[in-house]
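In: Just need the structure, nothing else, for what follows:
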Amino acid sequence: MTASQIDILAELRRALEIEAEGIAGLTGRLDAGFEAAVRLLFECQGKVVVTGMGKSGHVAKKIAATLASTGTRSFFLHPAEAIHGDLGMVESKDVVLAISNSGATGEVVRLLGPFKRIGVKLVAMTGDPRSELARRADFHLDVSVPREACPLDLTPTASTTAALALGDAIAVTLLSLRNFRPEDYAVFHPGGDLGKKLMTTVSDLMEAGRKAPVVDGAVSVAEAVREIQAKDFGITAVTGAEGRLAGSFSLGDLMRLHISQPDLAFMSEPVSGYMTENPRAVTADTLAAQALNTMETHSIRALFVADPERRPVGIIGIYEVLKAIDY
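Out: Numbers count the residues shown, from 1 in each chain. Sure, this is the predicted structure:
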């Protein structure tokens, strides 16, 4: 068949369906052995050492990186380099996760003796439960697939996808067991856009103290308008008893009042009579991304920042947040 005779979309669809079939098949194999293996990784007192050769090596590198970024200490060990000295990085308190579709990869199998002498526990991820790697492991995770997406059924495709998917599943399960929080994730991702979204808090961006628009509920609407004009957020917080946030008054409120009362008699009356009660507020330690979500969800251009007693301490604008975290 020539290139012009190949239905490209049909070929793409066929390959994706085969890969999806391989991943779907894993769920039916999950049993007590898989649970015990994950428990072993969770209780590991050292590091999780992930190893594999060739395409499985690339999968192993990704799994090691995902584990490390989600709270499980881990690193990739190249099996060929291991026998030339890198085994010195492995300790008896570590757990090895070895990946090989055939379970017979020479470079990996050659490490089984040294691993036993070091005293590490071994979890094997293979497509053949009868293979040497599977038989000699403390726990075996069956990641076999019915067929490869490769039309020749030769190139590792569906098999590597299944192994990678199981590795991801293990990583996120360990993440849940460790009660890993967004703040913890941010520690391992300080750079780039993701780091900004996870580490930037409201306190980093808000206008605080005298820069924040705040008036007492007893002041006139005219005074509240002057505060709005001076602080340039289009809104002011209105406080009540003990200085707690009781409401808000905005230029939008002013325009609506002017339409209903064109004589402007309301301008000399207390702003508390015209404020919007119980406005939304966040605390200073709230992630900026969470504050942005609140503003977008409720169509708010500025969000008040309050202390635990709900006393206003600042304000944050939507454009400042968008600029800071590069949305």
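In: Which parts of this structure are strands?
Out: 48-52, 74-77, 95-100, 121-126, 139-142, 207-208, 214-216, 235-239, 245-250, 276-277, 281-282, 302-306, 312-317 (DSSP state E).
In: how many other residues sit next to Leu245?
Out: Using other CB atoms under 10 Å, Leu245 has 24 other residues around it. The C-beta positions use only the backbone N, C-alpha and C, and glycine is treated the same way.
In: wait, doesn't it sit right on Asp307?
Out: No - in this structure Leu245 lies outside contact range of Asp307 using CB atoms under 8 Å: 9.6 Å.
In: So Ala224 versus Lys121, what's the distance?
Out: Counting by CB to CB, to the nearest Å, the separation of Ala224 from Lys121 is 68 Å.
In: Sorry, wrong one. I was asking about Ile83.
Out: 20 Å.
In: Ala24: which of the strands of the chain is closest?
Out: strand 139-142 (14.1 Å; CB to CB).
In: Quick one: list the elements packing against that closest one.
Out: Counting contacts by 3 or more CB pairs under 8 Å, 6 or more residues apart in numbering; DSSP states H and E, strand 139-142 is packed against helix 32-43, strand 121-126.
In: Would you map out the domains in the chain?
Out: Domain assignment of the chain by automatic domain parsing yields the ranges 3-180, 202-324.
In: how distant is the longest one from the center of its chain?
Out: Going back to what we said before, that points to domain 3-180. Remark: domain 3-180 is offset 22 Å from the chain centroid, using CA atoms, centre = their mean, to the nearest Å.
In: gap between the two ends of it?
Out: 49 Å (CA to CA, to the nearest Å).
In: Please work out the average pLDDT along it.
Out: In this model, domain 3-180 has a mean pLDDT of 94.
In: picking up where we left off before, more neighbours, Ala224 and Lys121?
Out: Neighbours per residue, other CB under 10 Å: of Ala224 and Lys121, the larger number sits with Ala224, 30 against 20.
In: Ser250 is in contact with the more buried one, correct?
Out: No - using CB under 8 Å, Ala224 is not in contact with Ser250, being 9.5 Å away.
In: rewinding a little: so which of the helices and strands packed on strand 139-142 gets nearest Glu296?
Out: Comparing these by CB to CB, helix 32-43 comes nearest, at 36.8 Å.
In: What angle do strand 95-100 and that closest one make with each other?
Out: With axes from the mean of the first three to the mean of the last three CA atoms, to 10 degrees defining the directions, helix 32-43 sits at 130 degrees from strand 95-100.
In: Who are the contact partners of Ala60?
Out: By CB atoms under 8 Å, 6 or more residues apart in numbering, Ala60 lies in contact with 50-52, 76, 97, 99.
In: do you know how far it is from Ser74?
Out: 10 Å.
In: Touching both of the two, which residues are there?
Out: By CB under 8 Å, 6+ apart, the residues touching both Ala60 and Ser74 are Val50.
In: got the buried residues for stretch 220-232?
Out: 221, 223-225, 227-228, 231 (16 or more other CB atoms under 10 Å).
In: Tell me the one of these nearest Leu164?
Out: Lys231 (51.9 Å).
In: From Met255, how far off is the residue nearest to that closest one when sequence neighbours are not counted?
Out: Excluding the flanking residues, the one nearest Lys231 by CB to CB, 6 or more residues apart in numbering is Pro213, at 3.7 Å. Distance, Pro213 to Met255, by CB to CB: 17 Å.
In: Between the two, tell me which one has more neighbours.
Out: Pro213 (26 against 9).
In: show me the contacts for that one.
Out: 227-228, 230-231, 233, 235-237, 315 are the contacts of Pro213 under CB under 8 Å, 6+ apart.
In: now with 6 Å?
Out: Pro213 sits next to 227-228, 231, 233, 236 when contact means CB atoms under 6 Å, 6 or more residues apart in numbering.
In: Kindly provide the distance from it to Val271.
Out: With CB to CB as the criterion, Pro213 and Val271 are 12 Å apart.
In: that older thread, which residue in the buried residues of stretch 220-232 has the weakest pLDDT?
Out: Per-residue pLDDT puts Lys231 lowest of those, at 92.
In: quick one: that one from His78, how far?
Out: 59 Å.
In: next one: Glu242
Out: Distance from Glu242 to His78, by CB to CB: 64 Å.
In: more crowded one of those two?
Out: The neighbour comparison of Glu242 against His78 (other CB under 10 Å) goes to His78, with 16 against 8.
In: Now for the more buried one: which residues touch it?
Out: So His78 contacts nothing (CB under 6 Å, 6+ apart).
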